[in-house]
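In: following is a predicted model, sequence given first.
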Amino acid sequence: MIRAGRAAFVQNSQDLAAAMGLKVKSFRNRKPYADDGFPATISPAGAGAMLWDAEQTAAFLAGEPVPDLPAEDADDDLLERIEAAAVLGVTPDTWTSYKRDKRIAPHLVTVAGVEHCPRAVLTAFRQTPAAPPAGRPRGSGDMVPRDEIEARLGELLDADPGLTIATVRQELGLAYSATARWLPRLRGRRIADLVLAEPGLDAEEAAQRLGYPTAVRRAAVAAAQTVLRGCRMLPYLQRVAGALEAAGWMEYQDVAVREAGGDVLAAVLVLADDAPAPALVWDERHGWRTATSRRHPIPKGGDWPAGGDGVRHLCPGDTELDPQHLLGELSR
């Protein structure tokens, strides 16, 4: 995390490489940050981008004692996505949805290319219930903006594990189809969060512990299995993103795994203008392919397009293609 008042000192890999007189590629290959005594990153383990405190790195490079950073938590601390998710007791994937809530989104800040959230905002989000919906009368259609549905519905579900579609429609004004789609998905994410927090616990046991009724458990467990598959693949996909960034073909981005039709998982990496393709798409059934559109890289329905017309399949069927091998295939 970035301790309160220290945002101006944050360095990413490019900044630190420049301070050391190295090109980014040489910096990544040499990994000077792995040397004994080099200051630890201020980003958490598993983060997609490494960040350092410039005062600490400058002192180390000058052969001087490395100053300590503040140890006490403060409201103005800035937390990266993994840390923010931990504060709320959810997975980083779930945080991707939570951060769209209007109580969080306006307060997000980007430092050294990485999005952060102030600790005070997370604390308030945990403690303050959502405002009641306003606008159209009940029964007139969806009353909650799409980007707020998960957070609002999650509050109801946390208060009542047996939450029914009828209650959601009454409280939030959601359409039946939207409610029937969101409730199993959200229960599944809660189950997945618990399974990830307690290794050895299976999804069915987690569903029972969360108090989900037998009638809804099957759909919730199936949704949880989909979330868990995505969580297992996310570190690999983030490594691919790091390799593309190092090659200069992509700016840093947090990879998001999403459903691309049914319960099939996919991910999109948007590439730079001078990259060999506008975007890359990963699909858990087929592996990697290029896409001709940055705005709509995955066709409606999640269909896997045939090759040709700018679409190239890169080692079809290899869903965990080595990142460097993938770069080689992409550059052909």
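Out: Sure, I can see it.

In: can you map out the helices along the stretch 1-150 of the chain?
Out: Applying DSSP state H, counting those that start in this stretch to the stretch 1-150 of the chain gives helices spanning 13-19, 24-30, 54-61, 81-88, 92-98, 119-127, 149-159.

In: would you turn those into a markdown table with mean pLDDT and mean neighbour count?
Out: Every residue, glycine included, has its C-beta placed from N, CA and C. What follows is those, written out as a markdown table (pLDDT from 0 to 100; neighbours: other Cβ atoms under 10 Å):
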| stretch | mean pLDDT | mean neighbour count |
| --- | --- | --- |
| helix 13-19 | 91 | 17 |
| helix 24-30 | 84 | 14 |
| helix 54-61 | 96 | 17 |
| helix 81-88 | 89 | 20 |
| helix 92-98 | 78 | 20 |
| helix 119-127 | 91 | 16 |
| helix 149-159 | 83 | 19 |
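
In: could I get those in CSV, plus columns for distance to Met233?
Out: Output for the helices of the stretch 1-150 of the chain, formatted as CSV (distance: least, Cβ to Cβ, whole Å):
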stretch, distance to Met233
helix 13-19, 24
helix 24-30, 23
helix 54-61, 33
helix 81-88, 16
helix 92-98, 11
helix 119-127, 26
helix 149-159, 21
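
In: closest one to Gly248 among the ones you listed?
Out: helix 24-30 (8.1 Å; Cβ to Cβ).

In: just the CA coordinates of that closest one, formatted as PDB?
Out: Coordinates of each C-alpha in helix 24-30 appear next as PDB, following Å, rounded to 0.1, in the frame of the first residue of the first chain:
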ATOM      1  CA  VAL A  24      13.000  -1.400 -18.800                       C
ATOM      2  CA  LYS A  25      13.800  -4.600 -20.600                       C
ATOM      3  CA  SER A  26      17.300  -4.800 -19.000                       C
ATOM      4  CA  PHE A  27      15.700  -4.000 -15.700                       C
ATOM      5  CA  ARG A  28      13.200  -6.800 -15.900                       C
ATOM      6  CA  ASN A  29      15.900  -9.300 -17.100                       C
ATOM      7  CA  ARG A  30      18.400  -8.300 -14.400                       C
END
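
In: how about Val240: what's its closest non-neighbour residue?
Out: Pro323 (4.7 Å; Cβ to Cβ, 6 or more residues apart in numbering).

In: you'd agree that neighbour is up against Ala243?
Out: Yes: Pro323 is within contact range of Ala243, at 3.8 Å (criterion: Cβ atoms under 8 Å).

In: hang on, the earlier thing: ok, now which ones touch the residue nearest to Val240?
Out: 239-240, 242-244 (Cβ atoms under 8 Å, 6 or more residues apart in numbering).

In: do you know the pLDDT at it?
Out: With respect to pLDDT, Pro323 scores 93.

In: what's the longest helix in the chain?
Out: Counting residues, the longest helix found in the chain (DSSP state H) is helix 214-246.

In: now it, how far from the centre of its chain.
Out: Taking Cα atoms, centre = their mean, to the nearest Å, one finds the center of helix 214-246 at 10 Å from the center of the full chain.

In: which elements pack onto that helix?
Out: helix 24-30, helix 92-98, helix 176-197, helix 203-209, strand 257-259, strand 265-270, strand 279-283, helix 323-331 (3 or more Cβ pairs under 8 Å, 6 or more residues apart in numbering; DSSP states H and E).

In: how about those in CSV, adding distance to His116?
Out: Shown next, in CSV, are the helices and strands packed on helix 214-246 (distance: least, Cβ to Cβ, whole Å):
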stretch, distance to His116
helix 24-30, 22
helix 92-98, 12
helix 176-197, 21
helix 203-209, 30
strand 257-259, 21
strand 265-270, 21
strand 279-283, 26
helix 323-331, 26
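
In: could you tell me the least trusted of those?
Out: Of all the helices and strands packed on helix 214-246, helix 92-98 has the smallest average pLDDT, which comes to a mean of 78.

In: so what touches it?
Out: Taking Cβ under 8 Å, 6+ apart as the rule, helix 92-98 contacts 81-82, 84-85, 88, 90, 104, 125, 150-151, 154, 189, 193, 227, 230-231, 234, 254, 256-257.

In: which parts of the longest helix of the chain are buried?
Out: Across helix 214-246, burial judged by 16 or more other Cβ atoms under 10 Å covers 216-217, 219-221, 223-231, 233-234, 236-238, 240-246.

In: how's the chain carved up into domains?
Out: Domain ranges of the chain: 1-128, 132-212, 232-331, per automatic domain parsing.
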